[in-house]
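K.L.:
how would this look folded up:
(2 chains)
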There are 2 protein chains.
Amino acid sequence: MIEKSEDVVVVHSGGLDSSVLLAKLHAEGASVESLSVHYGQRHSARELEMARRFCAEIGVAHTEVDLSGLGKVLPGSALTDESVPVPHGHYADESMRSTVVPNRNMMLLAVAGARAVATGAKVVAYGAHAGDHAVYPDCRVEFMEAMQGALALCDYAPVRLYAPFAEMSKADIAKWGDDLGAPMNLTWSCYEGGALHCGKCGTCFERIEAFMLAGVPDPTEYAA
Amino acid sequence: MIEKSEDVVVVHSGGLDSSVLLAKLHAEGASVESLSVHYGQRHSARELEMARRFCAEIGVAHTEVDLSGLGKVLPGSALTDESVPVPHGHYADESMRSTVVPNRNMMLLAVAGARAVATGAKVVAYGAHAGDHAVYPDCRVEFMEAMQGALALCDYAPVRLYAPFAEMSKADIAKWGDDLGAPMNLTWSCYEGGALHCGKCGTCFERIEAFMLAGVPDPTEYAA
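P.N.:
Have a look, this model is predicted:
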């Protein structure tokens, strides 16, 4: 749980999960800061734009970190290497492995932890959820627990890792977003990074499915 | 222990500790890659130049990552915030706290872990040593153990964290460097980042002391 007025750094990709998490903590009265990291992902322009607009809409502070130099030393991922095509199909398919950015979550949590220590926040909030486990090793609960231990020791005052979606599905998150009245139209999932969500890549597929399973209106305009 | 020909990513600041570690693993027959991260530290130009020259001299691969965007979101550290002066005096003094870069080691290990996963290396080597504990919370053995656990889970194949200096002093490291014949003149410690080591900042002080305690010649030219 988060206390009222507690300072929280939220790892905010601009996607559905982290945006709903941000809105949830803000609604609960925490003093949240959105932290968006550009790590060389090809869809970053759209993601960051949505992160900015989402924060402006709900009225929370937003900070961006440019770590695009990472993309150059992490070959082989469809998200950071232009020579690797973005796969189409279901999010949980083997083909989605090419969208894994090596050790991404540790890097994001490390930067958020640094920001928390620098600003005096005692909590880092993170929107990873259960549905990600199939292809992303660093979305596993064991990994998050290990990072919890490391963040608790990274400074003399412990930093707490808060990951309330760890055991939830993306449909649960869409339902929460709808209940909160979060502006989910201002979130971005598509890995292609076009003007509209492509509607065909793995993460578009997962997004469409989440709204359907949740039984809430999908505010997204898809190209296909 | 490292196996012969094992692929190892070495976190290489260009300082004495990580450079000696690199030379040690190379001498033991590991297939090492030096990974230097520019994270907005003011002395980075000198550090990186030395890292490059050290690698060229001993003949190992060297990769640099530009994460200078980090400096902009981590206010208050003398190493990344130009408005904070570099303190003079003994390295273990309270005044040295201003040289702490929040959560630096987690960020460095996260990036090295990512590079290891991307290149297929199974080991990340890190030169943190016991003398750093007084002011740097993320040099504590407990923290390194927590990161060991996280790196073991960050990919489906575990990444191993090798930190052989964790219980050693900097004098021990200088002695090892001397025994190996490592080109320690091509390492950089000074936080000021001038043309020569200043000889007065905390880390120059620690460097001078290490060579003296080790009883080996100090190859460094100091300004003062």
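
K.L.:
Please enumerate the helices of chain A.
P.N.:
A:16-27, A:44-58, A:69-73, A:104-119, A:141-153, A:170-180, A:202-214 (DSSP state H).

K.L.:
and A:Lys170, how many residues sit next to it?
P.N.:
For A:Lys170, the count of nearby residues is 26 (other C-beta atoms under 10 Å in any protein chain shown). Where you see a C-beta, it was placed from the backbone N, CA and C, and this is true even at glycine.

K.L.:
Now A:His62. Nearest residue, chain neighbours left out?
P.N.:
Nearest non-adjacent residue to A:His62, counting by C-beta to C-beta, 6 or more residues apart in numbering or on different chains: A:Cys55, 3.9 Å away.

K.L.:
Hmm, the one you found is touching A:Glu64, no?
P.N.:
No: contact status for A:Cys55 versus A:Glu64: not in contact, 10.4 Å apart, counting by C-beta atoms under 8 Å.

K.L.:
The two: which is more packed in?
P.N.:
A:Cys55 (25 against 17).

K.L.:
show me the contacts for the more buried one.
P.N.:
A:His12, A:Leu22, A:Ser34, A:Ala61, A:His62 (C-beta atoms under 8 Å, 6 or more residues apart in numbering or on different chains).

K.L.:
Can you check the pLDDT for A:Tyr156?
P.N.:
Here the pLDDT value assigned to A:Tyr156 is 87.

K.L.:
Show the contacting residues for it.
P.N.:
B:Pro137.

K.L.:
same deal with A:Met144?
P.N.:
A:Met144 touches A:Tyr126, A:Ala128, A:Leu161, A:Ala163, A:Ala166, counting by C-beta under 8 Å, 6+ apart.

K.L.:
residues near A:Ala157, how many?
P.N.:
Neighbour tally, A:Ala157, other C-beta under 10 Å: 11.

K.L.:
What backbone torsions are found at it?
P.N.:
Dihedral angles of A:Ala157 (phi, psi; degrees, to the nearest 10) stand at phi -90, psi 130.

K.L.:
just checking, A:Leu67 touches A:Gln41?
P.N.:
No: look at A:Leu67 against A:Gln41 with C-beta under 8 Å: they stay out of range, at 10.3 Å.

K.L.:
which neighbours do these two share?
P.N.:
Counting by C-beta under 8 Å, 6+ apart, A:Leu67 and A:Gln41 have no contacts in common.

K.L.:
pLDDT below threshold where in chain A?
P.N.:
A:42-43, A:77-82, A:84-100, A:132-135 (pLDDT under 70).

K.L.:
if we go to 80?
P.N.:
By pLDDT under 80, the weakly predicted segments of chain A are A:1, A:40-44, A:75-100, A:130-136, A:193.

K.L.:
in it, what residue sits furthest out from the centroid?
P.N.:
A:Tyr156 (27.4 Å; C-alpha atoms, centre = their mean).

K.L.:
so how far is B:Phe143 from it?
P.N.:
According to C-beta to C-beta, to the nearest Å, A:Tyr156 stands 11 Å off from B:Phe143.

K.L.:
Overlap of the contact sets of those two?
P.N.:
Common neighbours of A:Tyr156 and B:Phe143 (C-beta under 8 Å, 6+ apart) are B:Pro137.

K.L.:
list the helices and strands the strand ranked longest in chain A packs on?
P.N.:
Identified as the longest strand of chain A according to DSSP state E is strand A:31-38. In this structure, strand A:31-38 packs against strand A:7-11, helix A:16-27, helix A:44-58, strand A:61-66, helix A:104-119, with contacts taken as 3 or more C-beta pairs under 8 Å, 6 or more residues apart in numbering or on different chains; DSSP states H and E.

K.L.:
Ranking these by mean neighbour count, which comes first?
P.N.:
Across the helices and strands packed on strand A:31-38, averaging neighbours per residue (mean count of other C-beta atoms under 10 Å in any protein chain shown) puts helix A:104-119 on top, at a mean of 26.

K.L.:
Indicate whether that helix makes contact with chain B.
P.N.:
Yes: Helix A:104-119 comes into contact with chain B (C-beta under 8 Å from any C-beta of the partner chain), by way of A:104-107, A:109-111, A:113-119.

K.L.:
just the CA coordinates of that helix, formatted as CSV?
P.N.:
Coordinates of each C-alpha in helix A:104-119 appear next as CSV, following Å, rounded to 0.1, in the frame of the first residue of the first chain:
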residue,chain,number,x,y,z
ARG,A,104,15.3,-3.8,-19.6
ASN,A,105,13.5,-4.0,-16.3
MET,A,106,16.6,-3.9,-14.2
MET,A,107,17.8,-0.9,-16.1
LEU,A,108,14.4,0.9,-15.7
LEU,A,109,14.2,0.1,-12.0
ALA,A,110,17.9,1.1,-11.4
VAL,A,111,17.2,4.5,-13.0
ALA,A,112,14.0,5.0,-11.1
GLY,A,113,15.8,4.0,-7.9
ALA,A,114,18.5,6.6,-8.6
ARG,A,115,15.8,9.3,-9.2
ALA,A,116,14.1,8.3,-6.0
VAL,A,117,17.3,8.6,-4.0
ALA,A,118,18.2,11.9,-5.6
THR,A,119,14.7,13.4,-4.9
